[in-house]
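> Sequence plus predicted model, see below.
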Amino acid sequence: MSRGAGLRPGVTGDGRLARARERFLTGEPVEPGQVREAILASWRRSREWHVAADRIDLSYVRDPDLDTPLARTALPVLQNLRESLQGELVSVILTDAHGVALSRLTAGHDLERHLDRVQLAPGFSYAEELVGTNGIGTALESGQAAYVSGHEHYAEHLEDLACAAVPVRHPVSGQAVGAINLTCWRRDAGRLLIALAQSTARQVTRGLLDDSSAGELRLLREYLRACRHAGGSVVALTRDMVLMNDQARDTLDPGDQAALLGHAAQALAGDRPVVVDAELPTGARARMHCRPLHGTGSRRTAGGVVHVKLTGPASQPPPDAGAGPPARRFGPALAGSGPLWLRGCRQVEAARASGEWLSLEGEPGTGKLAVLRAVCRRRNPAGAFRVLDAADAGDHHWMARALSDLLEGEGSLVIRHADRLSTVRLQALWIALEQARAAGRQHVLWVAVTLSQGPAAGDLAGLLKFFPAAVELPPLRHHIEDLHELVPVFLARLNPHGPPACSPEAMHLLLRSNWPGNTEQLWQVLRRVARHRRTGTIHPGDLPPECWSVSRRLLSPLESLQRDAITQTLLDHHGNKTKVAASLGMSRATIYRKIHEYGIITPAS
């Protein structure tokens, strides 16, 4: 790795990147092309998580567990890598699936001292939601290799570093079990940094495969065999691993999934195959064919495979059902029964049934991709479903993949964020669509594009002529009653093993919000709540400050900080505005004006 050779592939000059970061942090727009799309997406996530950009202050995990298959397999590989990098100022770091550093092999006292100062050391987590954009956290959050250098980092104390990280996936379950990270001074970064991290991760994955027990491999073979021959929903599980096919994920409600796993774990503890009839939280009934697998020469159960068939509605409504008629949801994979929401879902299903190519519009975060996936899985569970995101169109391979999918693929293809494509990309896609139509591909391939709301003009309007069906999904504020279903579903997804319940008072606050970020904003809010309220009951005080305001627009980061400060101080002083003004150093008139401007709901004194 030659020093200073080929820094930061695809990144603009330091000065422009630094200015773009500053503009982003102050809520100003960032010009297109100034920041890589993957980095910009990570910055947005970091802002949504309220990560501090001016400091790093992490909690410490004493004595992280090194007696794991990952640590046992990876540490010898990383030691060999460190020895082969003699003379290079590169730190080799292993983390677990949560971004907690398990081991750090560092060359160079200055680099080691700097990593200690920024807490990139064993026992500290570099998850993206804690540190913002960085190689480790961004790789684990995106599930892909991540290269972050200099001013691309969200936290300013990391700007002198460059890091390349790659998730390590378990060869049997496919789940990320950790990450390999290489960190060096930004000035010393070279083109081979990311390639070296990728090859190291592959070595560790091969080692994990060799280390996998015969029971795990047998379970994987039995699971794949059941998926091929049994059809329907298939689940395989052990104490440490759960495998679930697309049919199970897309047709079973998250709460039902958690209930099924509980029933399955009980049934598989026995010695013989059993059939279990279970009543699920949504009111459906399921018949579970549970087949345990045993370790060779032992009575210890190695896990088992479960084939699930839905047999009909329950004889009684679920315990939390209201007195009125049951909600008529579009399907178990989509929560929500509001009339506008159901109409949009049914219009999408009608387009899919007719084979008409579709353009699906809606504000960001309304759930366009979720609807398309659910409709396609519902119509053809075994059919191919591929997604091309125009946000990745800067990659020169993107257009080649689009052309290949259009001219050779079958099943369903979704092109997300089509309105973000440049003029050149729109014209190229227009030609590819014309070729696909001329070849009669519409008979074997269904294509949909997703767009934000707004009039289509120019090349985009020309592109949409290939999509005769057009549907618009409503924003969450237009079917706000669906929060009664969305909130418990999201909480069950965040904690399948005993999720918290939402109190009526907390639900009342959630219903008062306009949710300008739609269901995506709701998901992020509940994700923050679930970090400190994993079980029990969510009360108004558990909700973040943004839930105490009725905002009709997305606020800038500075506005959000000010709103949150005022809201939190109001909560601390039980709604006493005089004490709030004194605490924040503002006049009472300013406090009243800001409360009105941000639509803050004042707690009772």
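Sure thing, it's come through.

> Model confidence for Thr106, exactly?
For Thr106, the model assigns a pLDDT of 85.

> One more: Gly458?
Looking at Gly458, the pLDDT reads 74.

> Excluding chain neighbours, what is closest to it?
Closest residue in space to Gly458, ignoring its immediate chain neighbours: Thr423 at 7.6 Å, by C-beta to C-beta, 6 or more residues apart in numbering. Glycine gets a C-beta too; all of them are placed from N, C-alpha and C.

> count of neighbours near the one you found?
10 (other C-beta atoms under 10 Å).

> swap in Gly270?
Residues within reach of Gly270, counting by other C-beta under 10 Å, total 12.

> what does the one 4 residues further on give?
For Val274, the tally of surrounding residues (other C-beta under 10 Å) stands at 15.

> how about it, what does it touch?
Applying C-beta atoms under 8 Å, 6 or more residues apart in numbering to Val274 gives the contacts Ala267, Cys290.

> count of neighbours near Ala146?
29.

> That one contacts Ala38, doesn't it?
Yes: with contact defined as C-beta atoms under 8 Å, Ala146 reaches Ala38; the gap is 7.3 Å.

> Identify the contacts common to those two.
Joint contacts of Ala146 and Ala38 (C-beta under 8 Å, 6+ apart) are Thr138.

> What are the phi and psi values at the residue nearest to Gly458?
phi -60, psi -40 (degrees, to the nearest 10).

> and if you look at Tyr147?
phi -120, psi 120.

> With adjacent residues omitted, what lies nearest to Gly304?
Per C-beta to C-beta, 6+ apart, closest to Gly304 is Leu268, 3.8 Å.

> show me what contacts the one you found?
By C-beta under 8 Å, 6+ apart, the residues touching Leu268 are Leu237, Cys290, Pro292, Thr301, Gly303, Gly304, Val306.

> Let me have these in TSV, extended by pLDDT and neighbour count.
Below are the contacts of Leu268 laid out as TSV (pLDDT from 0 to 100; neighbours: other C-beta atoms under 10 Å):
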residue	pLDDT	neighbour count
Leu237	83	21
Cys290	91	23
Pro292	89	18
Thr301	49	17
Gly303	78	26
Gly304	89	25
Val306	92	27
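
> which one among the residues you listed gets closest to Gly575?
Nearest to Gly575 among those is Leu237, at 48.8 Å by C-beta to C-beta.

> I figured the closest one was touching Leu261, is that so?
Yes: at 6.5 Å, Leu237 and Leu261 qualify as touching, with contact defined as C-beta under 8 Å.

> any low-confidence regions in the stretch 201-350 of the chain?
Along the stretch 201-350 of the chain, the parts satisfying pLDDT under 70 run over 211-215, 239-240, 253-255, 281-283, 294-302, 312-333.

> Distance of Ala530 relative to Ser452?
Distance, Ala530 to Ser452, using C-beta to C-beta, to the nearest Å: 28 Å.

> An error on my part: the question was meant for Cys345.
19 Å.

> out of those two, which sits in the busier spot?
Neighbours per residue (other C-beta under 10 Å) separate Cys345 from Ser452, with Cys345 holding more: 23 against 14.

> just to revisit the earlier point, now, the most widely separated pair of the contacts of Leu268?
Once C-beta to C-beta is applied, these give Thr301 and Val306 as the farthest pair, at 13.1 Å.

> picking that back up, tell me which of the contacts of Leu268 fall in strands.
Leu237, Cys290, Pro292, Thr301, Gly303, Gly304, Val306 (DSSP state E).

> Just send these back as TSV, with distance to Ala501 too.
As requested, the ones in strands among the contacts of Leu268 are exported to TSV (distance: C-beta to C-beta, whole Å):
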residue	distance to Ala501
Leu237	26
Cys290	29
Pro292	33
Thr301	33
Gly303	31
Gly304	31
Val306	27
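
> Show me which of these is closest to Val131.
The closest of these to Val131 turns out to be Leu237 (C-beta to C-beta; 32.6 Å).

> check contacts around Arg169.
Shown in contact with Arg169 (C-beta under 8 Å, 6+ apart): Gln175, Ala176, Val177, Thr205.

> Among those, which lie within helices?
When the contacts of Arg169 are checked against helices (DSSP state H), the matches are Thr205.

> Among the contacts of Arg169, name the buried ones.
Buried members of those, counted by 16 or more other C-beta atoms under 10 Å: Ala176, Val177, Thr205.

> For Phe385, give me its contacts.
Arg373, Cys376, Arg377, Gly411, Ser412, Val414.

> Also Leu81?
Leu81 sits next to Val92, Leu196, Thr200 when contact means C-beta under 8 Å, 6+ apart.

> In which helix or strand does it reside?
Per DSSP states H and E: Leu81 is located in helix 69-84.
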